[in-house]
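Engineer: Make a model of this:
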Amino acid sequence: MSLSQIFERTVSDVAHDPSFSGIEFVSQSARRQAGTTVLHVMIDREGGVDLKLCEQVASAVNARLEPAGETYTLEVESAGLNRPLTKAGDYERFSGRTVKVVTTLLIEGGKTHRGVLGGVQGTNVILHTGTGRLPLPLAVIKSANLEYDIRTDLKREKKERKSHA
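Structural biologist: The predicted model follows:
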């Protein structure tokens, strides 16, 4: 079994470990670089990710990979403010947030689209742009990321505080 395959299984095991409940493993990858294998894990959780959590995940992954006996570099990072949307469920979960979506095909004259995410309808991601509602087929989305805007977040936080009061 290759290091990449062992790594995939290891990340799955760590993701299902009860001590890491509440943590989302957004993505993982393995690539060859300069004579070694670089293993990359991106994590997220409600309230954000700190260095301590990255270290805990790295330690758990390293402990499980040690028996493989191969040389590698492990990178564990937070999904960050401009978090990538990698699964269909992400488009529902982050509905109402500002996003940037890049498609593989031209849609309405462009491949890069910005707007407010309106969830998923059938096989389309709905994006509300300045010109109206734009359905984007999931099959042609090359990449999608949240776009962090401090003003929008402050407004949302203020609205949430009012609703809890």
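
Engineer: what bridges to residue 113?
Structural biologist: For residue 113, the beta-bridge partners are residue 101 (DSSP bridges).

Engineer: which residues touch it?
Structural biologist: By CB atoms under 8 Å, 6 or more residues apart in numbering, the residues touching residue 113 are 100, 101, 102, 103, 107, 127, 129, 134, 136. Heads up, the C-betas are built off the backbone N, CA and C, glycines and all.

Engineer: And the strands in this structure?
Structural biologist: Assigned by DSSP state E, the strands in the chain fall at 23-33, 36-45, 72-78, 98-107, 110-121, 124-129, 132-137, 141-146.

Engineer: in the last one, what's buried?
Structural biologist: For strand 141-146, burial by neighbour count (16 or more other CB atoms under 10 Å) applies to 141, 144, 145, 146.

Engineer: hmm, back to that, reformat the contacts of residue 113 into a markdown table and put distance to residue 80 and pLDDT next to each item.
Structural biologist: Converted to a markdown table, the contacts of residue 113 look like this (distance: CB to CB, whole Å; pLDDT from 0 to 100):
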| residue | distance to residue 80 | pLDDT |
| --- | --- | --- |
| 100 | 14 | 96 |
| 101 | 17 | 97 |
| 102 | 17 | 97 |
| 103 | 22 | 97 |
| 107 | 26 | 94 |
| 127 | 21 | 97 |
| 129 | 24 | 94 |
| 134 | 25 | 96 |
| 136 | 23 | 96 |
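
Engineer: of the residues you listed, buried ones?
Structural biologist: By 16+ other CB under 10 Å, these give 100, 101, 103, 107, 127, 134, 136 as buried.
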